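Q: Okay, predicted coordinates and the sequence, questions at the end:
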Amino acid sequence: MRLPQALQVPDDDGAIAALTRYYGTSRNLGSFTGARFDAWDSTGTRWANTNRFTADDLVAVTFLSVNVTAPAAIKLLDTRAEVFSSLLTELGPDRDLAEEHEEWRDDWAGWTLWQELIELPGVGPTTASKLLARKRPRLRPIYDSVVANVLGSQRLWEPLRLQLTSEPALQERLLRLRRDAGLDEAVSALRVFDVIAWMEGKFGPP
């Protein structure tokens, strides 16, 4: 996996420009709809439901240009809600991917949850990653074809874990970029990485 060009150079200007263009100077001016994904909480109950998928989660992923099909929504919110809740509970609370130093086993709850999501009707890897990123934004990076092309990898979760755990300065830089771009702490380091990569894939390197 290669880093976006903006993260391959020591100068932060290109990365900050990408973040500022994406998120805008306010929530309502000059931003992409995806800028609302990180903090969306129309009911005020998001943090009381960290181990359960909610209707707000299904709305939030639409800001990232994907939709959860009706059959999948029924399973997530009703008929298989307890299965997903149990897996999210087993996965544990949100934490930084950069701190996941131990190799994940094949029976790790994250992999099981991932498999359950991509087997839902109409839910592929892209939508699954965005749903997981809503529940564990510091642990699960967002994946789509644009980001994959920039990184030169069809896999992201494990390669990025290895990158972050072997290079602590990268996590520190992502958090610094968030601060310098004036972003809220609801925007995780992984989301900073995602936005920089996605903006490069859409509009070219800085």
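A: Nice, I can see it. Residues are numbered from 1 along each chain as shown.
Q: Looking at this structure, which residue reaches furthest from the middle?
A: The outermost residue of the chain, judged against the average C-alpha position, is T79 (25.4 Å), by Cα atoms, centre = their mean.
Q: per-residue pLDDT, it?
A: Note on T79: pLDDT of 99.
Q: Ok, the one 5 residues further on next?
A: pLDDT, F84: 99.
Q: Y143 too?
A: 92.
Q: Who are the contact partners of it?
A: Shown in contact with Y143 (Cβ atoms under 8 Å, 6 or more residues apart in numbering): P125, T126, S129, L156, W157. Every C-beta, even on glycine, is put in place using the N, C-alpha and C of the backbone.
Q: with the residues you listed in mind, which one is nearest to D106?
A: Comparing these against D106 with Cβ to Cβ picks out W157 as the nearest, at 13.7 Å.
Q: Please determine how far the closest one is located from E100.
A: From W157 across to E100, the span is 10 Å (Cβ to Cβ, to the nearest Å).
Q: on that earlier part again, can you tell me which of the contacts of Y143 is nearest V187?
A: Proximity of the contacts of Y143 to V187 (Cβ to Cβ) peaks at S129, which lies at 16.4 Å.
Q: Just give the closest residue to the closest one, not the sequence neighbours.
A: Of all residues not flanking S129 in the chain, Y143 sits nearest, at 4.1 Å (Cβ to Cβ, 6 or more residues apart in numbering).
Q: Please apply the same query to A181.
A: Nearest to A181 is L19, by Cβ to Cβ, 6+ apart, at 4.0 Å.
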